[in-house]
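[1] Here is the input, now give the coordinates:
(one chain, ligands or ions: 1)
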Amino acid sequence: MAIAFPRFVRSESSAIEEANMASSSSSSVPSPPPPPVFLTQEELKQIAAYKAVEFVESGMVLGLGTGSTAKYAIERIGELLHQGKLKNIVGIPTSKQTHEQALSLGIPLSDLDSHSIVDLAIDGADEVDPYLNLVKGRGGSLLREKMIEGASRKFVVIVDESKMVPYIGGSHLAMPVEIVPFCWKFTAERLQRLFEDSGCVAKLRTYKDSDEPFVTDNANYIVELYFEKDIGDLNAASDSILRLPGVVEHGMFLNMASTVIVAGELGITVKNK
Ligand SMILES: O=C(CO)[C@H](O)[C@H](O)COP(=O)(O)O
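    Take a look at the predicted model:
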C-alpha cells in the first residue's frame, strides 16, 4: 500500500526536520496551499512503524513487538531483508503471534537465552505519558515484551497520536496485570483494593464474545485495572503491584522507552529520552 507521508517530521529533543513545506514554484503568483491530507489510523501506525525501521542496521539483534502497529514494522523488516538492504538480522519475538508473522516473512529468530542483549526493540504501546512512561499489554503480551524490551539497548515505541495521554491511566482504558490463574479472584480483589483511592475497578480479561478467561502465551490470566483518577507515584504503584503474591507482571513500562515516534495528522514527532 502506498503511504501518504505527512508533510513534516519534528524531533523534540534534537534537530527539527521540516520537509515539503516550501513551495517549489518560482512564479510570482503564489500557488494555492496543498489540500489537507487526511490519514487513517492504520496509515498513521504504518508511518510510525516505517520511521522506526530506519533505526535498524544489518547485523542487529532485534526485539520484535506485538500488535497492530508493530506488525507494520515487522513487515517492513521482512521486506528490507528480502531486498538485501538488511542482512544478518536476528529477531526475538515478544509473542507467539509475532513469532508466526516473523517466521512467515523469513526473519531469522532467536531468544533471550541465546542473545541476552538486544540491540534494538520496536513495539507499540497503549498509552504514552509526557515522560515517555507507557502502558502496554492490551494485546496480552506484556510479560515477554517487558523481558525483551528491558534487555534492549534501545527501545523505540511507535504510536499514532491517539495513544498520547497526560498521565498513565489517562485513557481510562485498561491497565493490564498478568497474574497466575490460581485463585485469580483473590488476586484481582487485592489489586483493586491497592488503588481504591483512585476509584480502581479490576476485571478479569475474557475473550471477545465469550466469558472464557483470556490466557496469555505464558498460560496466565490478565486482570484489567480501570482508574477513575490519577494513581500518583508510578514507581510506588509498580512496587506495590509486584509485591502481591499471584502477580507476574504489570503493563506499566516505566523509564524504558528511549524514543517514541508519534504519527499524527500534522506529521511525525520523534521524542527522545
Ligand atoms: O502491548 C502491546 C501488546 O501486548 C501492544 O504493543 C499494544 O497493545 C499496542 O497495540 P496496537 O499497536 O495494536 O494498538
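[2] Show me the beta-bridge partners of residue 155.
    Beta bridges link residue 155 to residue 121 when assigned by DSSP bridges.
[3] How about whichever strand or helix holds residue 237, which residues are buried there?
    Under the criterion of DSSP states H and E, residue 237 resides in helix 234-242. Going by neighbour count (16 or more other Cβ atoms under 10 Å), the buried part of helix 234-242 is 234, 237, 238, 240, 241. Quick note: C-beta positions are derived from backbone N, CA and C, even for glycine.
[4] Kindly report the same for stretch 39-59.
    Under the neighbour-count criterion of 16+ other Cβ under 10 Å, stretch 39-59 has 39, 43-53, 55-56 buried.
[5] Enumerate the residues of this structure near the ligand.
    Residues of the chain lying close to the ligand (Cβ under 6 Å from any ligand atom) are 65-70, 123-126, 136-142, 145.
[6] Please flag which of those sit within helices.
    Under the assignment DSSP state H, the residues of the chain next to the ligand contribute 70, 142, 145 to helices.
[7] Show me which of the buried residues of stretch 39-59 is closest to residue 182.
    Closest approach to residue 182 among those (Cβ to Cβ): residue 45, at 36.7 Å.
[8] tally of neighbours for the residue lying closest to the closest one once chain neighbours are set aside?
    Leaving aside its sequence neighbours, residue 45 sits nearest to residue 69 (Cβ to Cβ, 6 or more residues apart in numbering; 4.2 Å). Neighbourhood size, residue 69 [other Cβ atoms under 10 Å]: 28.
[9] before we move on, what about residue 209?
    For residue 209, using other Cβ under 10 Å, the count is 6.
[10] Was I right to think residue 86 contacts residue 77?
    Yes. Using Cβ atoms under 8 Å, residue 86 is in contact with residue 77, at 6.8 Å.
[11] Who are the contact partners of residue 132?
    157, 255, 257, 260, 271, 273 (Cβ atoms under 8 Å, 6 or more residues apart in numbering).
[12] Need the max-distance pair from the residues you listed.
    Pairwise over those, using Cβ to Cβ, the maximum falls at 255 and 271, 13.8 Å.
[13] who has more neighbours, the two?
    Counting neighbours by other Cβ under 10 Å for residue 255 and for residue 271 shows that residue 271 has the greater number, 20 against 11.
[14] Which positions in stretch 245-260 come out as buried?
    Judged by neighbour count (16+ other Cβ under 10 Å), stretch 245-260 contains these buried residues: 246-254, 256-260.
[15] Which residue ranges of the stretch 51-200 of the chain form strands?
    For the stretch 51-200 of the chain, the strands defined by DSSP state E, counting those that start in this stretch occupy 61-64, 90-93, 118-123, 127-128, 134-135, 152-160, 175-179.
[16] export these to CSV and tack on mean pLDDT and distance to residue 202?
    As requested, the strands of the stretch 51-200 of the chain are exported to CSV (pLDDT from 0 to 100; distance: least, Cβ to Cβ, whole Å):
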stretch, mean pLDDT, distance to residue 202
strand 61-64, 98, 29
strand 90-93, 98, 29
strand 118-123, 98, 25
strand 127-128, 98, 18
strand 134-135, 98, 15
strand 152-160, 98, 25
strand 175-179, 98, 8
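[17] possible to save those as a markdown table with mean neighbour count?
    Below are the strands of the stretch 51-200 of the chain laid out as a markdown table (neighbours: other Cβ atoms under 10 Å):
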| stretch | mean neighbour count |
| --- | --- |
| strand 61-64 | 28 |
| strand 90-93 | 24 |
| strand 118-123 | 25 |
| strand 127-128 | 24 |
| strand 134-135 | 28 |
| strand 152-160 | 24 |
| strand 175-179 | 27 |
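[18] returning to that earlier point: how much space separates the residue nearest to residue 45 from residue 98?
    Separation of residue 69 from residue 98 (Cβ to Cβ, to the nearest Å): 12 Å.
[19] same deal with residue 84?
    23 Å.
[20] Give me the more crowded residue out of these two.
    Ranked by neighbour count (other Cβ under 10 Å), residue 84 and residue 98 place residue 98 first, with 28 against 8.
[21] you'd agree residue 202 is in a strand?
    Yes. Counting by DSSP: H, G, I helix; E, B strand; the rest coil, residue 202 is located in a strand.
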